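**Student:** Everything below, folded, please.
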Amino acid sequence: MNNPTVRRSNWILTLTLAAIAVAFLTLVWLPGRREILAIQEQVRAKRQFVNQAAALAKTLTATQKQLDTTEAAFKNWEKNAPRNKDLPSLYGKINALAKRSGLSVARFDPEPFVVHEEIREIPLEIGCTGTFWQVFDFLGEIETLPPLIWVDAMRLENISGVSGCVKSELNLVVFSGNPYSSDCIIETK
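**Tutor:** As a prediction, the model looks like this:
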């Protein structure tokens with residue numbers, strides 16, 4: 001078996017097989033492996049995206065529930081917000097609540113509206129006298145009214161010479177829809 005021809009043909013065969021192996025590795029296996037790794041990376045990124053989307057579904061559901069609650073509260077507010085024609089009646093109710101609480105109303109001054117894009121503020125200044133607890137009861141009664149009313153400012157002063165009696169200045173703000181806004185329902189008479 002020491003035949004030089006056979007040895008040479010073994011070397012040629014070995015070199016040919018080695019060349020084929022190197023060609024296979026460089027032309028087929030390595031590019032295919034790179035493709036496989038790239039596809040695996042894409043699958044991993046997409047799987048991560050799907051996992052994030054699943055977590056976002058819970059957030060989206062919670063946000064939708066909060067939006068529904070907000071819209072329901074807004075519709076309730078809009079239903080109870082006073083229109084221009086309702087203001088004299090509302091002022092009468094507020095004055096009656098002050099008297100029912102035992103306060104003596106000395107001043108009841110509606111101020112000019114402050115118009116914003118979607119809402120109006122209707123300021124109201126009330127000057128009255130009574131006990132602290134009567135003022136406290138009056139403010140509690142105001143909270144029971146359907147329209148949204150804020151106490152913007154409140155000043156209490158002792159009346160000298162009169163035990164337990166205070167002079168109070170209340171600045172209230174009634175909120176109403178802006179009838180001039182395109183999103184607001186325009187009142188009909």
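
**Student:** The lengthiest helix in the chain: what's the following helix or strand?
**Tutor:** Looking across the chain with DSSP state H, the single longest helix is helix 30-80. Going down the chain from helix 30-80, the next helix or strand is helix 87-100, by DSSP states H and E.

**Student:** picking up where we left off before, centre of the chain to the longest helix of the chain, how far?
**Tutor:** 18 Å (CA atoms, centre = their mean, to the nearest Å).

**Student:** which SSE is residue 7 in?
**Tutor:** Here residue 7 sits within helix 4-24, counting by DSSP H and E.

**Student:** quick one, that helix and helix 30-80 angle?
**Tutor:** 10 degrees (axes from the mean of the first three to the mean of the last three CA atoms, to 10 degrees).

**Student:** circling back to that earlier point, could I get the average pLDDT for the longest helix of the chain?
**Tutor:** For helix 30-80, mean pLDDT is 88.

**Student:** CA atoms only for the helix holding residue 7 - export them in PDB, please.
**Tutor:** C-alpha atoms of helix 4-24 as PDB (Å, rounded to 0.1, in the frame of the first residue of the first chain):
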ATOM      1  CA  PRO A   4       2.800   6.600  -4.600                       C
ATOM      2  CA  THR A   5      -0.200   6.800  -6.900                       C
ATOM      3  CA  VAL A   6      -2.600   5.600  -4.200                       C
ATOM      4  CA  ARG A   7      -1.100   8.000  -1.700                       C
ATOM      5  CA  ARG A   8      -1.400  10.900  -4.100                       C
ATOM      6  CA  SER A   9      -5.000  10.000  -4.900                       C
ATOM      7  CA  ASN A  10      -5.700   9.800  -1.200                       C
ATOM      8  CA  TRP A  11      -4.300  13.300  -0.700                       C
ATOM      9  CA  ILE A  12      -6.300  14.600  -3.700                       C
ATOM     10  CA  LEU A  13      -9.400  13.000  -2.300                       C
ATOM     11  CA  THR A  14      -8.700  14.300   1.200                       C
ATOM     12  CA  LEU A  15      -8.000  17.800  -0.100                       C
ATOM     13  CA  THR A  16     -11.100  17.700  -2.300                       C
ATOM     14  CA  LEU A  17     -13.200  16.600   0.700                       C
ATOM     15  CA  ALA A  18     -11.600  19.300   2.900                       C
ATOM     16  CA  ALA A  19     -12.200  21.900   0.200                       C
ATOM     17  CA  ILE A  20     -15.900  20.700  -0.100                       C
ATOM     18  CA  ALA A  21     -16.200  20.900   3.700                       C
ATOM     19  CA  VAL A  22     -14.700  24.400   3.800                       C
ATOM     20  CA  ALA A  23     -16.900  25.500   0.900                       C
ATOM     21  CA  PHE A  24     -19.900  24.000   2.700                       C
END
